[in-house]
Each structure stands twice: as structure tokens, then as C-alpha cells.
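Asker: I need the structure of the sequence given here:
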Amino acid sequence: MGAPILYHQYCARVKRFRKNIFSVGLLHTPGILCYNASMQNELNLAAQTHWARFVHLFPAMRKHAMPLITVNNRIYRTAGRCWVEKNHIELSGKLLANPDNKLAMLHVILPHEMAHQVDFNLNGAPKNNRWHGRTWSEIMVKFGLPANAYHSLET
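Answerer: You can find the predicted model right below:
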């Protein structure tokens, strides 16, 4: 699944991003920060499954750790974002909390953001800041999802 992080490294990551995530009932599962137990389990399972598939499809990813994934209640304009240099993915709490969007968030948006991290880990930053360029599109297609840059989820 990637290189394990030490507990003190994990705590430092949590402390840096805690102000941006839900703080009520925060659960501490390494790599995933979420606001309730049932969503925590679903998000954890989806993230680990998708990351394992990326590692299987791209063996060079074995040396990279799975990104820290947080749920951010302050994201309104986008479903998710990937901070590739920090190895950190944020998902919109507002969209994730909507039952109509949950499956798309877990099985389309999360792999979309993970594909950005995979692209960065394998190829570095894209030229001309084209994050939805050819290499990212190829990663999405190889993963089995359409290479769409935008979502159509209900906000």
C-alpha cells in the first residue's frame, strides 16, 4: 500500500489539516480523516481499494505512500482537490454528505484526485499547468474511468 508513516508523522499531518476538516467526532485512522464512523469506514475502504488498484496498474507507485485524505466542509465550488506536493487530497464535505452524491464521490471523484497524485508521482508537475492533460487522461482510462475534468453532482 505504500511506505508506512510513523505515528508522530501522522499526528503532525493531522495537526496541520485539522482546522480545515470536521472536528465533531473526528476519528483517527491513518491516512483518512472523516466526520462520522460509517462514512469513515466507507471512505477508508474506497481509498485503500482504489490506491491498491493504482499500485497494481502502476508498479512504480509502490514506493509512494497513499495520500492523506480529508473531508473539508468549506469546499463548495469543487468536489475535491489534490495538493500533490503535500500528498494530500481534500473532498467536499457538503457533496459527500448528500446521499445522492456519495457513490460518485467515493468511486469517481476520489479516484480522479488520486489520479492527479499518481500522475505527479510518476511524471512530476505537468507542463503549462495542465493538470487534466494527456498523462492524467491516460491514467484515468487505464484505471477504467472516463477522463472528465468536471463533475455534474448536485450541490
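Asker: Three-state assignment for the most centrally placed residue in the chain, please.
Answerer: Closest to where the C-alpha atoms of the chain average out (C-alpha atoms, centre = their mean) is Ile89, at 4.0 Å. Assigned with DSSP: H, G, I helix; E, B strand; the rest coil, Ile89 falls in the strand class.
Asker: Do you know the pLDDT at it?
Answerer: Predicted confidence (pLDDT) for Ile89: 93.
Asker: Mind checking what helix or strand follows the helix or strand containing Arg53 in sequence?
Answerer: Per DSSP states H and E: Arg53 is located in helix 37-57. Of the helices and strands lying after helix 37-57 in sequence (DSSP H and E), the nearest is strand 68-72.
Asker: ok, and for that next one, which residues are buried?
Answerer: Leu68, Ile69, Thr70, Val71, Asn72 (16 or more other C-beta atoms under 10 Å). (Glycine included, C-beta is placed from N, CA and C.)
Asker: Brilliant, that's me finished.
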